[in-house]
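J.: How does the following fold in three dimensions:
(one chain, ligands or ions: 1)
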Amino acid sequence: MEKLKIGISSCLLGNKVRYDGNHKFDHFITETLGRIFQYVPFCPEVGSGLPIPRETMHLVGDPSSPHLLTTRTQIDLTERLIRYTETTLNSISSENLSGFIFKSKSPSCGLFDTLVITTPNDGTVKRGTGLFAAAFTKKFPFIPVTDEKQLQDLPLREKFIEQVFAFSKCQDLKQ
Ligand code: SF4
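T.: Numbers count the residues shown, from 1 in each chain. The predicted model follows:
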């Protein structure tokens, strides 16, 4: 059986692209789901030219359009990330992805649970979406998405896999 192509946050495959020079290797995703999925890795932060290691960063402002700032030096990296994201998402269209697995909580890749500092003065935070994940789901609203935390939950895992196969079948029928 031909493996389905799935986009993935690169650090989940064990690639050392995180801010601290480390990775977030996920055994289940890489080894078990890797039997049915062919992964296409993306790291928006390294892809946009940031070094490894690098300063930590966080989202600040309105959760619907937050800014990406370095934590200590407060450098605004929003434009840099958005430039990379626009170029990458345009080229992703030709990859025929049937799904995407994001790294949770990341200011770039987090799907549901990235913290956004809404009021820097008193440190109020809300939950939001990382810049790359937000742009991806906006451009490709029908491609099934999840993160490594959801995949630990059996019903959510099964739902994602079913959605991926259904989406792939629809794409085949269209062609
Ligand atoms: Fe790169 Fe996303 Fe992993 Fe951060 S979470 S290291 S941006 S792939």
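
J.: tell me which parts of this structure are close to the ligand?
T.: Counting by Cβ under 6 Å from any ligand atom, the residues of the chain lying close to the ligand are 9-11, 17-18, 43-45, 103, 106, 108-109. Glycine gets a C-beta too; all of them are placed from N, C-alpha and C.

J.: Out of those residues, which sit inside helices?
T.: Cross-referencing the residues of the chain next to the ligand against helices under DSSP state H gives 44-45.

J.: Turn the residues of the chain next to the ligand into TSV, columns for distance to Phe165.
T.: Formatted as TSV, the residues of the chain next to the ligand follow (distance: Cβ to Cβ, whole Å):
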residue	distance to Phe165
Ser9	21
Ser10	24
Cys11	26
Val17	29
Arg18	31
Cys43	27
Pro44	27
Glu45	31
Lys103	23
Ser106	27
Ser108	28
Cys109	24
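
J.: Go through the biggest helix by length in the chain and flag the buried ones.
T.: Longest helix in the chain, counting residues (DSSP H): helix 154-174. Using 16 or more other Cβ atoms under 10 Å as the test for burial, helix 154-174 gives 160-161, 163-164, 167-168.

J.: cool, and stretch 80-97?
T.: Those buried within stretch 80-97 under the rule 16+ other Cβ under 10 Å are 80-82, 84-85, 88-89, 92, 97.

J.: do stretch 132-147 as well
T.: Of the residues in stretch 132-147, those buried (16+ other Cβ under 10 Å) are 132-137, 140, 143-147.

J.: Which of those residues sits closest to the ligand?
T.: Of all the buried residues of stretch 132-147, the ligand sits closest to Phe132, with 6.9 Å by Cβ to the nearest ligand atom.
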